[in-house]
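Colleague: no sequence on this one, just coordinates:
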C-alpha cells in the first residue's frame, strides 16, 4: 500500500483469463492469418490450456487446395502467437496447427453435382 492510502496496482488482486476466451482469440487470429474460410469450409477452431501466463494452443484449420500448406500454417502460428501475447498477455511457446480438410475446386463441383 502506498503512503497516501492508495493500493498499488500489483497488490489489488489477480486477473484470470479463461481458456475458452484465449481459444476464441486464437481462432480469430487463425482466420485473420488465412484471410477467411475456404468456400464450403468450416472456420478455424482452437483449444487452449493455460498454466499461469503460458498458453498451449492447438488450432484446427481447413485450407484451399492446391496451396502452399506450410506457408499458411506458418502464418497461422505467427499470427496466433502475436495476438494471444498482445490481447491476453500470455506467452505462447508453441502453436500446433492441424490441417483437418483440404477444399479443392473439384471437390466443390462434385458436391454440387456438376462433374460428369
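Modeller: Perfect, I can see it now. None of these values were measured; they are calculated from a predicted model.

Colleague: what residues are up against residue 95?
Modeller: 26, 57-59, 76-77, 80-81 (Cβ atoms under 8 Å, 6 or more residues apart in numbering). Where C-beta positions appear, they are placed from N, C-alpha and C, glycine not excepted.

Colleague: how about those in CSV, adding secondary structure and pLDDT?
Modeller: Compiled in CSV, the contacts of residue 95 are given as follows (DSSP: H, G, I helix; E, B strand; the rest coil; pLDDT from 0 to 100):
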residue, secondary structure, pLDDT
26, helix, 98
57, strand, 98
58, strand, 98
59, strand, 98
76, helix, 98
77, helix, 98
80, helix, 98
81, helix, 98
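
Colleague: tell me which residues of stretch 55-64 are tucked away?
Modeller: Residues of stretch 55-64 classed as buried: 55-64 (neighbour count, 16 or more other Cβ atoms under 10 Å).

Colleague: With stretch 91-110 instead?
Modeller: Result for stretch 91-110 [16+ other Cβ under 10 Å]: buried residues 92, 95, 97, 103, 108.

Colleague: just checking, the third one is part of a strand?
Modeller: Yes: counting by DSSP: H, G, I helix; E, B strand; the rest coil, residue 97 is located in a strand.

Colleague: Find the nearest non-adjacent residue to it, please.
Modeller: With Cβ to Cβ, 6 or more residues apart in numbering as the criterion, residue 97 has its nearest non-adjacent residue at 4.4 Å, and that residue is residue 73.

Colleague: separation between that neighbour and residue 30?
Modeller: Using Cβ to Cβ, to the nearest Å, residue 73 is found at 10 Å from residue 30.
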